[in-house]
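Visitor: I would like the atomic coordinates for the input below:
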Amino acid sequence: MTDHYLLLKALHILGAMLFAGNIMVTALWKFMADRSRSASIIAYAQRMVTLTDFTFTTVGAGLLIATGWTMGTNHGGVGAVYWIRMGWYLFLASVLLWGFVLIPVQVLQTQMARRFQLGGAIPERYWGLARVWYVLGAVAVALPLANLYFMVFKPTG
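Guide: Predicted coordinates for the structure are as follows:
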């Protein structure tokens, strides 16, 4: 193996750690903050959920895309080998779910939290969006975990 490949592999693993690690930790502390029912705790957690997704999850996703695509060319491209193709599809589904559903929900919740942290009740819409975030967030966490199977065991299909 070349040093170039090992560097790509290390960056790929770092990307996976940032991506999967942040989405799992974020889910836990968002859940715990929401469970407190404290407007100030929820508002703070909601800001941090959005901030960490834009930093750690996005950086992790970028590393995974760049290194995965580059290393995939060693196998004929990401579509040529079953385990790489399945990994790519699972990753893409997770990224699309985060990008088009979960992050927009988080941004809405963060905007709401700015208003209710100063006083007043947490609106029912916040809790409705939280339910959407939890259900689809569970799917978005399960997808990278399924991807882990393909990346480690490399089934032939």
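Visitor: Spit out the contact partners of A16.
Guide: G60, L64, P144, L148, M151 (CB atoms under 8 Å, 6 or more residues apart in numbering). All C-beta spots, glycine's among them, are computed from the backbone N, C-alpha and C.
Visitor: list the contacts for the residue nearest the centre of the chain?
Guide: Centroid check for the chain by CA atoms, centre = their mean gives I23 as the closest residue, at 4.4 Å. Taking CB under 8 Å, 6+ apart, we find I23 in contact with D53, T57, W98, G137, A140, V141, P144.
Visitor: Name the SS class of the first one, please.
Guide: Spelled out, that is D53. Under DSSP: H, G, I helix; E, B strand; the rest coil, D53 falls in the helix class.
Visitor: Excluding covalently adjacent residues, which one is nearest to it?
Guide: Closest residue to D53 apart from its sequence neighbours, by CB to CB, 6 or more residues apart in numbering: I103 at 6.0 Å.
Visitor: What is the host helix or strand of the one you found packed up against?
Guide: Assessed by DSSP states H and E, I103 sits inside helix 103-116. With contacts taken as 3 or more CB pairs under 8 Å, 6 or more residues apart in numbering; DSSP states H and E, helix 103-116 sits against helix 39-52, helix 124-153.
Visitor: average pLDDT for that helix?
Guide: The average of the pLDDT scores along helix 103-116 is 95.
Visitor: ok, and what's touching that helix?
Guide: 39, 42-43, 46-47, 49-50, 53-54, 122-123, 125-126, 129-130, 132-133.
Visitor: quick one: contacts for W133?
Guide: W133 touches K30, L102, V105, Q106, Q109, counting by CB under 8 Å, 6+ apart.
Visitor: and if you look at V78?
Guide: Shown in contact with V78 (CB under 8 Å, 6+ apart): G68, W69, G72, I84, R85, W88.
Visitor: Model confidence score at the second one, please.
Guide: By that I understand W69. Confidence at W69, expressed as pLDDT, is 94.
Visitor: Could you do the third one as well?
Guide: We have a pLDDT of 93 for G72.
Visitor: Grab the nearest non-local neighbour of it.
Guide: Nearest residue to G72 in three dimensions, chain neighbours excluded: V78, at 4.0 Å (CB to CB, 6+ apart).
Visitor: any weak-confidence spans in this protein?
Guide: In the predicted model of the chain, no residue satisfies pLDDT under 70.
Visitor: Many thanks, we can stop here.
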